[in-house]
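In: quick one, fold the following:
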Amino acid sequence: MKKRLGFTMLMLSAFGSAAMGAEIKVLSAGAVEPGLVKLADQFRRDTGNRVKIQFGTAPQLAKRLADGETADVLIAPPSVVEAQVKTGKIAAEGRVIVGRVGVGVTVRADAPSPDIATLDAFKLTLLNADSVVYNQASTGLYLEKLFDLMGIAEQLKAKTTRYANGAQVLEHVIGGKGNEIGFGAITEIRLFEPKGLRFVGPLPAQIQNYTTYAAGVMSDAQDAAMDFVRYLASPAAKQTFAAAGID
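Out: Model prediction:
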């Protein structure tokens, strides 16, 4: 009887573990958060495999991997993913493009909307702003070069505040004052609108910049990781990403 009970408990334990599914650890850039969170939840419902996502900027993700942190999937700009391929941490095959995200302009919800309809209007808006806030990641690196090309970098320097990531930028703008202009990934701005932001609009078309994001499977990842990356490339996933502002 004891042997039979022990065998039954062992089988129930094994069945329970299988029923729970795998847990896939994902390191991801924050710009794709709105679509990715929804897809991770849908993937769990469809497969029983859970997806645990940790967000960060591209430099932060690269540093975490360089410091020895492990994961199953990396979602980041292609250059970051390719760098991990060269180190052998990401498999050369199986990478997919998740989508791209443009740069947006934001202000506090109770602030007037600045004029950014044309390049000239955008330039004047920046010069008249009390302060300008953007990050030190992909968006910020682009803006830094853009303002230099526009010939206004020196005028903006004294009133510019920069943060490590987009969330810190947007939190600053929410708690700010005066005529303050913030920049960030359009998807991140949309996430913060209920907290006290207004999405003014994308950068003028002639100076808009898109950051592309790719997903790669880490070399020592579990099998379910490849299934999740393939899922991100499915037509249904593309629709979910598009609805979240990820082209």
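
In: which helix or strand lies directly C-terminal to the helix or strand Val217 falls within?
Out: Secondary structure assignment for Val217, by DSSP states H and E: strand 210-217. Using DSSP H and E, the helix or strand that follows strand 210-217 towards the C-terminus is helix 223-232.

In: report the buried residues of that next one.
Out: The neighbour-count check on helix 223-232 (16 or more other C-beta atoms under 10 Å) flags Ala224, Ala225, Met226, Asp227, Phe228, Val229, Tyr231, Leu232 as buried. C-betas here are computed from N, CA, C, even on glycine.

In: tell me how far the second one lies from Ala71.
Out: Computed as C-beta to C-beta, to the nearest Å, the Ala225 to Ala71 distance reads 9 Å.

In: find residues that contact each of these two.
Out: Between them, Ala225 and Ala71 share the neighbouring residues Met218, with contact defined by C-beta atoms under 8 Å, 6 or more residues apart in numbering.

In: how far off centre is the longest strand along the chain?
Out: For the chain, the longest strand by residue count, based on DSSP state E, is strand 96-108. If you compare the mean C-alpha spot of strand 96-108 with that of the full chain, they lie 9 Å apart, counting by C-alpha atoms, centre = their mean, to the nearest Å.

In: cool, stretch 237-244 as well?
Out: Per C-alpha atoms, centre = their mean, the centroid offset for stretch 237-244 relative to its chain is 14 Å.

In: with stretch 72-90 instead?
Out: Shown here is stretch 72-90, whose average C-alpha point lies 15 Å from the average C-alpha point of the whole chain (C-alpha atoms, centre = their mean).

In: that older thread, between the buried residues of helix 223-232, which sits nearest Arg95?
Out: Sorting these by distance to Arg95 puts Val229 at the head of the list, at 7.7 Å, by C-beta to C-beta.

In: give the bridge partners for the nearest residue to that closest one once chain neighbours are set aside, please.
Out: With sequence-adjacent residues excluded and distances taken as C-beta to C-beta, 6 or more residues apart in numbering, Val229 is closest to Ala215, at 4.9 Å. Beta-bridge pairing for Ala215 (DSSP bridges): Ile75, Val96.

In: in the protein, where is pLDDT below threshold?
Out: Counting by pLDDT under 70, the low-confidence segments of the chain come to 1-20.

In: mark out where each domain of this protein begins and ends.
Out: The record, using automatic domain parsing to delimit domains, assigns the chain the ranges 2-100+212-243, 101-207.

In: returning to that earlier point: buried sites along the strand holding Val217?
Out: Across strand 210-217, burial judged by 16+ other C-beta under 10 Å covers Tyr210, Thr211, Tyr213, Ala214, Ala215, Gly216, Val217.

In: and what of stretch 187-202?
Out: Within stretch 187-202, the residues that count as buried by 16+ other C-beta under 10 Å are Thr187, Glu188, Ile189, Arg190, Leu191, Phe192, Leu197, Arg198, Phe199, Val200, Gly201, Pro202.

In: swap in stretch 238-247?
Out: Of the residues in stretch 238-247, those buried under the neighbour-count criterion (16+ other C-beta under 10 Å) are Lys238, Thr240, Phe241, Ala244, Gly245, Ile246.
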